[in-house]
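Asks: could you work out the structure for the sequence below:
(4 chains)
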Protein chains: 2
Amino acid sequence: MASSKKRSECPISTSLEIWGDKWSLLIIRDLMFKKQCTYGDFLKSEEKIATNILASRLLVLEENNIIVKLEHPESKAKVLYRLTEKGIELFPVLVEISLWAEKYYDIPKERESIIAKAKNNKTEFIAKGIQKMKEGLN
Amino acid sequence: MASSKKRSECPISTSLEIWGDKWSLLIIRDLMFKKQCTYGDFLKSEEKIATNILASRLLVLEENNIIVKLEHPESKAKVLYRLTEKGIELFPVLVEISLWAEKYYDIPKERESIIAKAKNNKTEFIAKGIQKMKEGLN
DNA sequence: ATTTATTACTTGTATATTGCAAGTGATTTT
DNA sequence: AAAATCACTTGCAATATACAAGTAATAAAT
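Replies: Just a heads-up that it's a prediction; the model follows:
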């Protein structure tokens, strides 16, 4: 269900085959902003992903080692999803997407300050963001 | 046919609604590598995009001012597609995707040297790439 | 203890997008 | 004038998405 054979050896094509759709990067975005999410947390996001799509995207991301499932410390009924290192390393991609959008579209007020920061010293912003997220892996 | 209402104000979501699919960034990639392409050039790419999808993606990219159609200097039967400034500004996104893929997947030999260059001095690599492409706009 | 609510999903069905093969009309080459 | 090339379009099957509802396991409330 998840994978057939590669279209090509192009790294961009390979990447798009995994997360090149309208939803996967939003799941990854949520995990970067909120560090850990339950299934229900994803459903609560503004974009209103359908539950069957969420389930299928989470599976693909998990199969490709971009996210992992963890047990919730407080409830056996809940599952926590978290980014792996491989998932965290997608941060620069999301930053560049945000910076591109900021040039050509209106940005919500509450994002302005963080985008300004990213723009101001991109290299450092990315490095620190990744570093912080990787600390959370332990 | 192209646009309904936005899912959200999130810049990442906005971007994905335009080019968040398996094909659009490959079209943009081709235009970055080859500067200008005819319809047939896109069809020749390794990934073998279907012609109806190509037509629909080109339309969306054009509607969103990411590419433009130009007349071919040598033939009235051909159409040239080229990136706009807005399209060129997607270069950093493609670079980061490539660098991510390079960490986790095998890269074709002929791409190794350029990816090494990008990795070595990312900021400069991106700036120069964009500069060069923008020169081609005149 | 038993009902009620939450949780992470699954299932069913309608609609939209993609994939593939073939076709069309305008040019261009022979 | 005929054949080839060009940028697409069309038709249809396959797949993916959207929306609504359902299920089994756990947890909370009574």
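Asks: ok, and the closest non-adjacent residue to the residue positioned nearest the centre of chain A?
Replies: What sits nearest the mean C-alpha location of chain A, by Cα atoms, centre = their mean, is residue A:28, with 1.3 Å. Nearest residue to residue A:28 in three dimensions, chain neighbours excluded: residue A:90, at 5.7 Å (Cβ to Cβ, 6 or more residues apart in numbering or on different chains). The C-beta positions use only the backbone N, C-alpha and C, and glycine is treated the same way.
Asks: quick check: phi and psi at the closest residue to DNA strand D within chain A.
Replies: With Cβ to the nearest atom of the strand as the measure, residue A:76 is the residue of chain A nearest to DNA strand D, at 3.3 Å. The phi and psi values for residue A:76, taken as degrees, to the nearest 10, are phi -70, psi -20.
Asks: quick check: closest non-adjacent residue to residue A:129.
Replies: residue A:91 (5.4 Å).
Asks: on that earlier part again, so which strand or helix has the residue nearest to the centre of chain A?
Replies: helix A:24-34 (DSSP states H and E).
Asks: what's that helix in contact with?
Replies: A:18-19, A:37, A:41-42, A:45, A:47, A:49, A:54, A:57-58, A:60-61, A:66-67, A:81-83, A:87-88, A:90-91, A:93-94, A:97, A:129, A:133, B:10, B:12-13, B:16, B:20 (Cβ atoms under 8 Å, 6 or more residues apart in numbering or on different chains).
Asks: how about the very next helix or strand once past that helix and chain B, touching?
Replies: Where DSSP H and E defines the elements, the next helix or strand beyond helix A:24-34 is strand A:36-37. No: judged by Cβ under 8 Å from any Cβ of the partner chain, strand A:36-37 and chain B are separated, with a smallest distance of 15.4 Å.
Asks: right, and the helix or strand after strand A:36-37?
Replies: helix A:39-44.
Asks: near DNA strand D at all, that next one?
Replies: No: residues of helix A:39-44 are not located near DNA strand D by Cβ under 7 Å from any atom of the strand, the shortest gap being 10.0 Å.
Asks: could you say what helices and strands that helix packs with?
Replies: With contacts taken as 3 or more Cβ pairs under 8 Å, 6 or more residues apart in numbering or on different chains; DSSP states H and E, helix A:39-44 sits against helix A:24-34, helix A:51-63, strand A:79-83.
Asks: may I see these organised as JSON lines, with mean pLDDT and distance to residue A:123 added?
Replies: Formatted as JSON lines, the helices and strands packed on helix A:39-44 follow (pLDDT from 0 to 100; distance: least, Cβ to Cβ, whole Å):
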{"stretch": "helix A:24-34", "mean pLDDT": "97", "distance to residue A:123": "18"}
{"stretch": "helix A:51-63", "mean pLDDT": "97", "distance to residue A:123": "27"}
{"stretch": "strand A:79-83", "mean pLDDT": "97", "distance to residue A:123": "21"}
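Asks: which one of those lies nearest to residue A:118?
Replies: helix A:24-34 (12.5 Å; Cβ to Cβ).
Asks: quick check: residues of chain A near DNA strand C?
Replies: So far as Cβ under 7 Å from any atom of the strand goes, chain A lies against DNA strand C at A:38-41, A:51-52, A:55, A:58, A:69, A:75, A:77-79.
Asks: the closest residue to residue A:79 other than its chain neighbours: what secondary structure?
Replies: Once flanking residues are discounted, residue A:79 sits nearest to residue A:69: 5.4 Å by Cβ to Cβ, 6+ apart. Secondary structure state of residue A:69, per DSSP: H, G, I helix; E, B strand; the rest coil, is strand.
Asks: residues from chain A in reach of DNA strand D?
Replies: A:1, A:21-23, A:48-53, A:56, A:75-77.
Asks: show me chain A divided up by domain.
Replies: Using automatic domain parsing, the domain ranges for chain A come out as A:11-85, A:90-138.
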